[in-house]
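In: Quick one, fold the following:
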Amino acid sequence: MPFPPIEPWQSGWLAAGDGHALHHEQCGNPQGLPVLILHGGPGSGCSPRMRQLFDPERFRIVLFDQRGCGRSTPRGECAHNTTADLVADIERLRLHLGIERWLVVGGSWGAALAIAYAAQHRDACLGAILRGVFLTGRADLEWFFVSAGELFPESWRLLDEAAPGDRERALPDRLFDAVLGDDITIAIEAVRRWVQWEATLSDGSAAPAPEWADAGERDALLAKYRVQAHYLRRECFLGETRLLELAARLGTLPVAILHGEQDRVCRVGNAERLHRAVPGSRLRIVPDAGHNPFSPGMLQAFADAVDFLHGQAIAAPR
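Out: Now for the predicted structure:
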C-alpha cells in the first residue's frame, strides 16, 4: 500500500529562463536520502499521490512539474520546451536545492526523461527506478495510436473520427494537428477522445469520454495534451535508438526496471530492450499489473526496488 498522505515542507517556483517557471516541492525527511520523482505524460504534472510512494522517514522527496505542465508557468507553453530543456531544468533544480546526489525515479515518459538526465549527469545520480518504460520512438506511437485499435475497435473509431483531415495521413499526425490547431472546438473533441482512448487501454475495457466539470478542468486538459502532442510528434526529441544509446551510458549505475505484464499503453518488450541496453540492471516483470503505478502488484514491486536502491545508495562511496 502507499504511505499515508503528506504535505510539502517547502514549495515554490524556480525561474528556468525563456519565461518558464518550474513549480517544485519537497516532502518527507529533510535529512533523508534525496529522491527525485519525474512525472509522465509528457504534459501531465505531479499529483499529491506521488508523495506517498516513498517512506517519509527515510527519504527527502522532491517533485516538480515540467515545463508547461501542472502548476509550472506558463501552462501549456510549447516554446522553448524540449527534452534538452527539461534535462537542464532538473540539474538547475538539483543545484538550487543544494543536493549533491539523488535517486531518480520515473514512470512511462518519466522513465525516458530519467534516462536522458542520468546519462548526461551520471555523477549526480545514486541510481534509477524506471517503471512502465516508454521508449519515445515511432514504434511506440504506432502501437498506441494505431495497432492497439484492434483491441477496442469502437473506442479507436471515435478517436480516429476526432482527428479530421486526409485519411491517407496517419492518425497520430492528424490528432496532433487537431490538438495543436487554432480551432478550439476541434481541439476539445480531439482531447476528449484521446483521454477516452488512453483510459480504455489503461483499464482494459471501453471507457467513457470525459465531461468537463468546468472550464478550468477543460483548459487544464487542453494544456496537458498540447504539450504531449508537441513532444510526441517529435518523438520526444529522442527516439528509441537514441534513448537506448543514452541508457547504455548508465554503466554500473544501480538501475531497477519495472513493467506490468498486462501493460497495453507501453508494451513489455520496451522494458526487455532497455534491460539489454543497461548492463547490470534489474528487470522485474509484474504479472498482475498494467500501466497503473498504484495497482497492488506494481506497488509491491516498487517498494522492493526502493529498498534495493536505498541499500545501494547507502553503500555507495561519497
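In: for residue 11, phi and psi?
Out: Backbone torsions of residue 11, given as degrees, to the nearest 10, read phi -150, psi 160.
In: Setting aside sequence neighbours, what's the nearest residue to it?
Out: Distance criterion Cβ to Cβ, 6 or more residues apart in numbering; nearest residue to residue 11, sequence neighbours excluded, is residue 25 at 3.9 Å. Placement of C-beta: from N, CA and C, glycine included.
In: mind listing the strands for the protein?
Out: Assigned by DSSP state E, the chain shows strands spanning 10-17, 20-28, 33-38, 59-64, 102-107, 125-131, 255-260, 282-286.
In: Now the phi/psi pair for the residue nearest in space to the middle of the chain, please.
Out: Central residue of the chain (Cα atoms, centre = their mean): residue 40, 1.6 Å from the mean position. The phi/psi pair for residue 40 (degrees, to the nearest 10) reads phi -90, psi -160.
In: what residues are up against the closest residue to it other than its chain neighbours?
Out: Leaving aside its chain neighbours, residue 40 sits nearest to residue 108 (3.7 Å; criterion: Cβ to Cβ, 6+ apart). Residues counted as contacts of residue 108 (Cβ atoms under 8 Å, 6 or more residues apart in numbering) are 40, 41, 131, 132, 133, 134, 265, 266, 291.
In: So the residue nearest to the centre of the chain is in contact with residue 110, correct?
Out: Yes: Residue 40 is within contact range of residue 110, at 4.7 Å (criterion: Cβ atoms under 8 Å).
In: In a markdown table: the strands of the chain, plus mean neighbour count, distance to residue 221 and mean pLDDT.
Out: As requested, those are arranged in a markdown table below (neighbours: other Cβ atoms under 10 Å; distance: least, Cβ to Cβ, whole Å; pLDDT from 0 to 100):
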| stretch | mean neighbour count | distance to residue 221 | mean pLDDT |
| --- | --- | --- | --- |
| strand 10-17 | 14 | 22 | 97 |
| strand 20-28 | 21 | 18 | 98 |
| strand 33-38 | 24 | 21 | 98 |
| strand 59-64 | 24 | 20 | 98 |
| strand 102-107 | 26 | 20 | 98 |
| strand 125-131 | 26 | 23 | 97 |
| strand 255-260 | 26 | 25 | 98 |
| strand 282-286 | 18 | 29 | 98 |
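In: how about these in a markdown table, adding distance to residue 224?
Out: Below are those laid out as a markdown table (distance: least, Cβ to Cβ, whole Å):
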| stretch | distance to residue 224 |
| --- | --- |
| strand 10-17 | 19 |
| strand 20-28 | 14 |
| strand 33-38 | 16 |
| strand 59-64 | 16 |
| strand 102-107 | 16 |
| strand 125-131 | 20 |
| strand 255-260 | 23 |
| strand 282-286 | 27 |
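In: right, and those strands - which one's nearest residue 178?
Out: When the strands of the chain are compared by Cβ to Cβ, strand 20-28 sits nearest residue 178, at 25.3 Å.
In: tell me the angle the closest one makes with strand 59-64.
Out: Strand 20-28 runs at 160 degrees relative to strand 59-64, counting by axes from the mean of the first three to the mean of the last three Cα atoms, to 10 degrees.
In: What is the burial count for residue 303?
Out: Residues within reach of residue 303, counting by other Cβ atoms under 10 Å, total 16.
In: From residue 27, how far out is it?
Out: From residue 303 across to residue 27, the span is 17 Å (Cβ to Cβ, to the nearest Å).
In: Could you do residue 72 as well?
Out: Distance of residue 72 to residue 27, computed by Cβ to Cβ: 18 Å.
In: ok so, going back, any idea which of the contacts of residue 108 has the most stuff around it?
Out: Neighbour counts for these, by other Cβ under 10 Å, peak at residue 133, which reaches 31 neighbours.
In: List the buried residues in stretch 163-170.
Out: By neighbour count with 16 or more other Cβ atoms under 10 Å, stretch 163-170 contains the buried residues residue 163.
In: Point out the least confident member of the contacts of residue 108, please.
Out: The member of the contacts of residue 108 with the lowest pLDDT is residue 41, at 93.
In: That one - nearest residue in space that isn't next to it in sequence?
Out: Nearest non-adjacent residue to residue 41, counting by Cβ to Cβ, 6+ apart: residue 109, 5.1 Å away.
In: Quick one: neighbours of the closest residue to residue 280 other than its chain neighbours, just the number.
Out: Spatial nearest neighbour of residue 280, chain neighbours left out: residue 252 (5.8 Å); criterion: Cβ to Cβ, 6+ apart. Residues contacting residue 252 under the criterion other Cβ under 10 Å number 9.
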